[in-house]
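1. with the input below, show me the fold.
(one chain, ligands or ions: 2)
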Amino acid sequence: MSTTAPHPRDSRALWALAGLGAGLAGLAVSYAAALALTVRQSPVVAVAEAVIRLTPGKLAEWAIQTLGHWDKPVLVTTILGLLVVLFLVAGLLTRRAWLLGLAVFAGLSVLGLAAVLTRPGATAWDVLPLAAGFGTWLIALNLLTEPLRRLREHATGSPSSPLEPGGPGFGEERRTFLLRAGVLGAVAIGSGVLGRFLGRGRRHVEQTRNLLRLDGVTRPRVPAEARIGLDGVSSWQTPADEFYLIHTAIAIPTLDPDDWQLRIHGLVEREIVLTYQDLMDRQITEAWITLNCVSNPVGGSLIGNAWWSGVRLADILALAAPLEGADCVLQTSDDGWSCSTPLAALTDPGRDAMLALAMNGKALPLEHGFPVRTIVPGLYGYVSACKWVVEMEVTRFADVSAYWTERGWSEQGPVKLASRIDVPRSGTEVAAGQVEVGGVAWRQHVGVEAVEVALDGGAWQPARLAGVPTDDTWVQWAATLEVSPGDHLLRVRAKEKGGDWQTSVQRDVVPDGATGLHEIDFTAT
Ligand SMILES: Nc1nc2c(c(=O)[nH]1)N[C@H]1C(S)=C(S)[C@@H](COP(=O)(O)O)O[C@H]1N2
Ligand SMILES: [Mo]
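-> Ligands and ions are numbered 1, 2, ... in the order given. Have a look, this model is predicted:
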């Protein structure tokens, strides 16, 4: 008997099936893990989103026109179909060499990783479902192909197996394979069911959110003068799904507005409890406000500008009537996170500090604090922008500490003056001659008076500024420079209204925000 030609019992179909079984089990486990963590989407959906991002505009338009609302389900189904094929192939490859099958699963995981991590607001936790899926793939592939490998040894009459081909060993190995396949199938179905179960809270709240009618909330209209009109400069309004995300919660709260309450207590004349309906019954305030994170490094992207709608905190706090001596409001989120906010910033009649219900004209996305979060113009998020806020204790800074202040960050967090170059991108090539450069600058609640750029350490040259509706938003800037062929260094600085130019002194983000000037390299040819 030949030792090389596959014996008919070394069935390709079983190997392909092993690959498929392992693949589906891994998918199911990663799906369940994603829902258990309430991360936004499973890795498969992240890949679908990445495909959408990378699809050329023309093709995307065509797809939307031909498929309409079905474009995304069709895309996800196509990806799942491709995965099934790849799983079958991985099984067949494993028959030749274990490493080949592994390579397929590793490749898919890397692809998933890239899709998950390049999504705006990706956090380290988003990697967990992928890791769980990859781990399941390896274990399941091993479990399923091991009996097949032994089966082959019998079939090829390998000297290591004393069993006669067709002898009792075949039935045994085949039973082992089927048993393991059955167990894995059960694990896959179990994970899928568990995922649905874990995800039901979120689905319910998503549905409630989609059905909410928010009277008084209007759609955002970007002022025409806010656009500087230079391609590559961050869009003045940040779409909600591109808005950076920062939260310490692993599984985000999924709160039904009907169950949400905000208790305001502490150093107040009257303790009050507000429901979602109470907020909706009040006058809605709307404003463009730029929110940024104290952890944003110089030139970083932890900043976004949105149209926020909500109820003014000054009015709400007036109902509670803070007592003499109070200087702080300790805000607590449903997930336990807390921040201490200067009372004066919340009661300031000239500042649109609000309990926000909507972002860019729609009820807050779950990740951005649904159903209610705080937004305070001019303060970093870590001292003010409490998501899923459920409690406010009027108190004194001297008497309390909050999540980040306990960890060495400053008690006060006014936003520092900053400016960023968006065009050209660092490390890119441009055509020499007249070069358009541009970006954004911000100093919320104070305003930006001027922006200047300097090429290769030369003289500062004024940039053009776009318009802004208030001083609570960032401002786009642009400048036209004469650039000779070669490598160049571009720097930017901003001047705040009635104040100084941005400092070039470099300071770390801890304890109260980075300083220093953003600079980029580019090459003109
Ligand atoms: N519940 C809760 N709220 C939070 C945080 C958090 O970790 N948990 N992070 C804060 C920080 S540091 C910032 S910068 C903003 C970010 O808001 P966003 O995720 O909507 O962009 O939320 C703030 N509110
Ligand atoms: Mo932050």
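
2. can you map out the helices along the protein?
-> Here the chain has its helices, by DSSP state H, at 12-36, 43-54, 57-67, 71-96, 98-117, 127-155, 168-211, 276-280, 313-320, 343-347.

3. and the ones you listed, which one averages the lowest pLDDT?
-> Among the helices of the chain, helix 57-67 carries the lowest mean pLDDT, a mean of 70.

4. next one: the residue in the chain positioned nearest to ligand 2 from Leu481, what distance?
-> The nearest approach of the chain to ligand 2 comes at Cys293, 3.2 Å away (C-beta to the ion). For the C-beta atoms, the positions are set from N, CA and C on the backbone; glycine is no exception. Distance, Cys293 to Leu481, by C-beta to C-beta, to the nearest Å: 30 Å.

5. with neighbour numbers in mind, choose between these two.
-> Ranked by neighbour count (other C-beta atoms under 10 Å), Cys293 and Leu481 place Cys293 first, with 21 against 18.

6. would you confirm that the more buried one contacts Tyr244?
-> Yes. Counting by C-beta atoms under 8 Å, Cys293 touches Tyr244, with 6.8 Å between them.

7. joint contacts of those two?
-> 302-303 (C-beta atoms under 8 Å, 6 or more residues apart in numbering).

8. sorry, back to before: excluding chain neighbours, what is closest to the residue of the chain closest to ligand 2?
-> Leaving aside its sequence neighbours, Cys293 sits nearest to Leu302 (C-beta to C-beta, 6 or more residues apart in numbering; 3.8 Å).

9. now for that neighbour: which residues touch it?
-> Contacts for Leu302 (C-beta under 8 Å, 6+ apart) come out as 244, 246, 292-293, 295-296.

10. quick one: which of these is most hemmed in?
-> Within the contacts of Leu302, most neighbours by other C-beta under 10 Å means Asn292, with 24 neighbours.

11. tell me the contacts of it?
-> With contact set as C-beta under 8 Å, 6+ apart, Asn292 has these partners: 302-304, 380-381, 415, 442, 444.

12. make CSV from the residues you listed and add distance to Val268 to it.
-> Putting these into CSV (distance: C-beta to C-beta, whole Å) gives the following:
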residue, distance to Val268
Leu302, 33
Ile303, 33
Gly304, 33
Tyr380, 26
Gly381, 25
Val415, 28
Trp442, 33
Gln444, 28
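
13. quick check: which of these are also close to ligand 1?
-> Among those, the residues that sit close to ligand 1 (C-beta under 6 Å from any ligand atom) are Gly381.

14. for Trp460, state which of the contacts of Asn292 is nearest.
-> Trp442 (19.0 Å; C-beta to C-beta).

15. shouldn't that closest one be in contact with Lys416?
-> No. Assessed by C-beta under 8 Å, Trp442 is found out of contact with Lys416, at 9.1 Å.

16. quick one: end-to-end length of stretch 400-411, please.
-> 10 Å (C-alpha to C-alpha, to the nearest Å).

17. now that stretch: buried residues?
-> Using 16 or more other C-beta atoms under 10 Å as the test for burial, stretch 400-411 gives 400, 402-405, 409-411.

18. now stretch 85-105
-> Quick answer for stretch 85-105 (16+ other C-beta under 10 Å): 86-95, 101-102, 104-105.

19. how about the residues of the stretch 101-250 of the chain near ligand 1?
-> If contact is defined as C-beta under 6 Å from any ligand atom, the residues of the stretch 101-250 of the chain in contact with ligand 1 are 243-248.

20. among those residues, which ones are in strands?
-> Among these, DSSP state E puts none in strands.

21. restrict those to those near ligand 2?
-> Ile246 (C-beta under 5 Å from the ion).

22. near ligand 2, which residues of the chain?
-> So far as C-beta under 5 Å from the ion goes, the chain lies against ligand 2 at 246, 293, 381-382.

23. pLDDT added to the residues you listed, as a markdown table?
-> Output for the residues of the chain next to ligand 2, formatted as a markdown table (pLDDT from 0 to 100):
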| residue | pLDDT |
| --- | --- |
| Ile246 | 90 |
| Cys293 | 95 |
| Gly381 | 98 |
| Tyr382 | 97 |
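
24. taking these, tell me the two that lie furthest apart.
-> Using C-beta to C-beta, the pair of the residues of the chain next to ligand 2 lying farthest apart is Ile246 and Tyr382, separated by 8.0 Å.

25. shared neighbours, those two?
-> 293, 295.

26. burial of Ser30, as a residue count?
-> For Ser30, using other C-beta under 10 Å, the count is 27.

27. you'd agree it is up against Gly133?
-> Yes. Using C-beta under 8 Å, Ser30 makes contact with Gly133 at a distance of 3.0 Å.

28. identify the contacts common to the two.
-> Common contacts of Ser30 and Gly133 (C-beta under 8 Å, 6+ apart): Pro43.

29. from Asn142, how far off is Leu99?
-> Here Leu99 is placed at a distance of 13 Å from Asn142 (C-beta to C-beta).

30. contact partners for the closest residue to Gly381 other than its chain neighbours?
-> Of all residues not flanking Gly381 in the chain, Cys293 sits nearest, at 5.3 Å (C-beta to C-beta, 6+ apart). Neighbouring residues of Cys293 by C-beta under 8 Å, 6+ apart: 244, 246, 302-303, 380-382.

31. can we see that at 10 Å?
-> 244-246, 300-304, 380-382, 385, 415, 509, 513 (C-beta atoms under 10 Å, 6 or more residues apart in numbering).

32. one more: His518?
-> 297-300, 418-422, 426, 439, 441, 490-494, 502.

33. Val435 too?
-> The contact partners of Val435, taken as C-beta under 10 Å, 6+ apart, are 423-424, 455, 479-483, 488, 490, 522, 524.

34. now it, which residues is it bridged with?
-> Beta-bridge partners recorded for Val435 (DSSP bridges): Leu481.

35. per-residue confidence at it?
-> At Val435, pLDDT is 97.

36. rewinding a little: out of the contacts of Val435, what pair is the most spread apart?
-> Among the contacts of Val435, Val423 and Glu482 lie farthest apart (C-beta to C-beta), at 16.3 Å.

37. neighbour count for those two, which is higher?
-> Val423 (20 against 10).

38. these two touch, right, Ala432 and Asp487?
-> No. Counting by C-beta atoms under 10 Å, Ala432 sits too far from Asp487 to count as a contact (11.4 Å).

39. name the residues contacting each of these two.
-> Common neighbours of Ala432 and Asp487 (criterion: C-beta under 10 Å, 6+ apart): 523-524.
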